[in-house]
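Peer 1: Can you look at this prediction? I've put the sequence above it.
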Amino acid sequence: MVERLDATFHALADPTRRGMLATLALGERSIGELAEPYAMSFEGASKHVRVLETAGLVARRKVGRTQMCRLQAEPLGEADAWLRQWEQFWNVRLDRLEALIAAEKQK
């Protein structure tokens, strides 16, 4: 699971790939359609899709000569679950800080 998390966070580290995922959340798109908002070549977009595909975030299929992509959100759920463990960690610390500030105000 750690390797998959590493691949997921690597894929999410790039704003172009995050944008592509947001587009794919609206439905299946071709690589050419994913490239359009970024004014990039098919080859450039294909490299980004390959990173997303390696992370398990995108599935690709061929329709004639067109490469169609669709979102596979399961790895995002795994990343969310991993991040949620840290939410509890930070909530405890922020609660302590809030109590400390309240105690200082009472002095």
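Peer 2: Arrived safely. Note that this is a predicted model, so its numbers are computed, not measured.

Peer 1: contacting residues around the residue most central in space within the chain?
Peer 2: Centroid-nearest residue in the chain: residue 12, 4.0 Å away (criterion: CA atoms, centre = their mean). When contacts are counted by CB atoms under 8 Å, 6 or more residues apart in numbering, residue 12 touches 18, 21, 79. (C-beta placed from N, C-alpha, C; glycine too.)

Peer 1: Got a ChimeraX select line for the buried ones in those?
Peer 2: Filtering the contacts of residue 12 down to the buried ones (16 or more other CB atoms under 10 Å) takes a single ChimeraX command:
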select :21,79
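
Peer 1: mind putting the contacts of residue 12 in TSV, distance to residue 62, secondary structure and pLDDT included?
Peer 2: Shown next, in TSV, are the contacts of residue 12 (distance: CB to CB, whole Å; DSSP: H, G, I helix; E, B strand; the rest coil; pLDDT from 0 to 100):
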residue	distance to residue 62	secondary structure	pLDDT
18	25	helix	98
21	21	helix	98
79	28	helix	94
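
Peer 1: Show me which of the contacts of residue 12 is closest to residue 61.
Peer 2: residue 21 (17.2 Å; CB to CB).

Peer 1: Test my guess that the closest one contacts residue 71.
Peer 2: Yes: using CB atoms under 8 Å, residue 21 is in contact with residue 71, at 6.4 Å.

Peer 1: Spell out which residues are contacts of both of these two.
Peer 2: The contact lists of residue 21 and residue 71 share 57-58, where a contact means CB under 8 Å, 6+ apart.

Peer 1: how much space between the closest residue to residue 48 other than its chain neighbours and residue 71?
Peer 2: Closest residue to residue 48 apart from its sequence neighbours, by CB to CB, 6 or more residues apart in numbering: residue 17 at 5.2 Å. Distance of residue 17 to residue 71, given as CB to CB, to the nearest Å: 12 Å.

Peer 1: three-state assignment of residue 95?
Peer 2: Secondary structure, DSSP: H, G, I helix; E, B strand; the rest coil: residue 95 is helix.
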